[in-house]
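K.L.:
task: produce atomic coordinates for the following.
(chains A, B, C and D)
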Protein chains: 2
Amino acid sequence: MGSRPLHHPPLDQITLTGILYALSDPVRLTIVATLLQQKTCLNCSAALKQVKVKLPKSTCSQHFQILREAGLILCERKGVELASKLRLAEIESRFPKLLSTILKSHLQNENNKGTVKRKKISILR
Amino acid sequence: MGSRPLHHPPLDQITLTGILYALSDPVRLTIVATLLQQKTCLNCSAALKQVKVKLPKSTCSQHFQILREAGLILCERKGVELASKLRLAEIESRFPKLLSTILKSHLQNENNKGTVKRKKISILR
DNA sequence: TTCATTAGTTCATATATTACGAACTAATGA
DNA sequence: TCATTAGTTCGTAATATATGAACTAATGAA
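P.N.:
Predicted structure coming up:
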C-alpha cells in the first residue's frame, strides 16, 4: 500500500466540469451512489464487490483517485485500507442540488432497469 | 458541408453517464448553456464566437457531434448551416431537474468568476 | 522476529480518445 | 462558372485509459 500523502482539492478548487467528468463513468457513479446510500466509508475492495463487472484492482484504485482529485470523496488511511467518504455537504454547498439531483437520476434509472432494488434515501427528497 | 444523415438517439437510449460526459467539457457546457439562454438554435460558427478561446472548426464540429450523440441537442440542416437546439423538455422528462440543475451551477459559477454577466433565466428557478 | 496475507499503489504498455490542420463537400449567391 | 461560407472528414500527433505484474506498507499469526 502506497504511503504518498493524499491530496484533496479545497472546496473552491472543485470544478463543475471536474465533477461531471468524474461521474460520467458508470463504475465511479456506482461508487458514489453507494457512498451516498450507505452513508459510511467505502474502500476499493468493498467497491469492487458493489460493481457488477469484474474489475482489476489497479483500475479501481485509479477510479478512486479520479474521484478524490475531482473533490468528490475524502480518503483516509485506516491501517491497510483506504476509507473513502463522500464530501456531500461541501459539494452541495458549492453546487446546490447538483450531486443529489444527479444521484437521484442514477438511482431512478437503475430501478427502471430492474437491476437492483434499493431502499429510498432521505437526502434524495 | 457533409450530407450524411444526422443520427439522434431516441429518448430511451439517452444515458445519464452520456449526458454527464458530454457536459464535462467546458466548451460543450458553454454551448449548451448558450442554447438554454438564447432559447434559439445555434450553429458551429456562432458557437465559436461564444467560446472565449480560439478553437479550430473541426474541433467545434466534433463537440457538436458529441452533444448530438449524447442526445442533448437536435440538429437540422438549414441551407449551409447546421442549426442545433437543446432537447430540454425531453431530457427533463427523462431526468427531472438534471439539466436545469447542472446549468444553474454552471451559470452561477461563471458569475462568481466575474467573466460574463448574464441575465436570469426563467427555467432555472 | 520472520513470514504470509491483505489492500492498494506504481509501472510499463497496449489500446482508445482527442485535438487540429489540411483537404474535401455541399449550398448559396455574385 | 466561380468564389464564399459552413461544416465534415482524414491523417496524425498528443493524451488518456485499462490492465497485468511488480512493489510497498500494515497486520497478524507462528
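K.L.:
so which residues of chain A form strands?
P.N.:
Counting by DSSP state E, one finds strands in chain A at the ranges A:73-78, A:81-86.
K.L.:
give me whichever of these is most buried.
P.N.:
Mean neighbours per residue, mean count of other CB atoms under 10 Å in any protein chain shown, is largest over the strands of chain A for strand A:81-86, with a mean of 19. Using the backbone N, CA and C atoms, a C-beta is placed for each residue, glycine as well.
K.L.:
is any part of it close to DNA strand D?
P.N.:
No - applying CB under 7 Å from any atom of the strand, one finds strand A:81-86 out of contact with DNA strand D, separated by at least 8.6 Å.
K.L.:
check which helices and strands that strand sits against.
P.N.:
helix A:26-38, helix A:57-69, strand A:73-78 (3 or more CB pairs under 8 Å, 6 or more residues apart in numbering or on different chains; DSSP states H and E).
K.L.:
which residues sit against stretch A:62-70?
P.N.:
A:6-9, A:14, A:18-19, A:21-22, A:25, A:27-28, A:31-32, A:44, A:47, A:73-75, A:82, A:84 (CB atoms under 8 Å, 6 or more residues apart in numbering or on different chains).
K.L.:
of all the helices and strands packed on strand A:81-86, which one is nearest A:Lys104?
P.N.:
A:Lys104 sits nearest to helix A:26-38 of all the helices and strands packed on strand A:81-86, at 9.8 Å, using CB to CB.
K.L.:
that closest one near chain B at all?
P.N.:
Yes - judged by CB under 8 Å from any CB of the partner chain, helix A:26-38 and chain B are in contact via A:26, A:29.
K.L.:
go on, stretch A:46-59?
P.N.:
No - using CB under 8 Å from any CB, stretch A:46-59 stays clear of chain B, coming no nearer than 13.6 Å.
K.L.:
give me the contact list for stretch A:71-89.
P.N.:
A:1, A:6, A:8-9, A:11, A:13-14, A:18-19, A:22-23, A:32, A:35-36, A:40-45, A:64, A:67-68, A:90-91, A:99, A:123.
K.L.:
hmm, that stretch touching DNA strand C?
P.N.:
Yes - under the criterion of CB under 7 Å from any atom of the strand, DNA strand C is reached by stretch A:71-89 at A:75, A:80-82.
K.L.:
can you check which helix is longest in chain A?
P.N.:
When chain A is scanned for its longest helix (criterion: DSSP state H), the result is helix A:98-113.
K.L.:
under the pLDDT cut-off, which ranges of chain A? List them.
P.N.:
Filtered on pLDDT under 70, chain A yields the residue ranges A:1-4, A:111-125.
K.L.:
and the gap between the spatially most central residue of it and B:Gly79?
P.N.:
In chain A, the centroid-proximal residue (CA atoms, centre = their mean) is A:Val32; its distance is 2.4 Å. From A:Val32 across to B:Gly79, the span is 45 Å (CB to CB, to the nearest Å).
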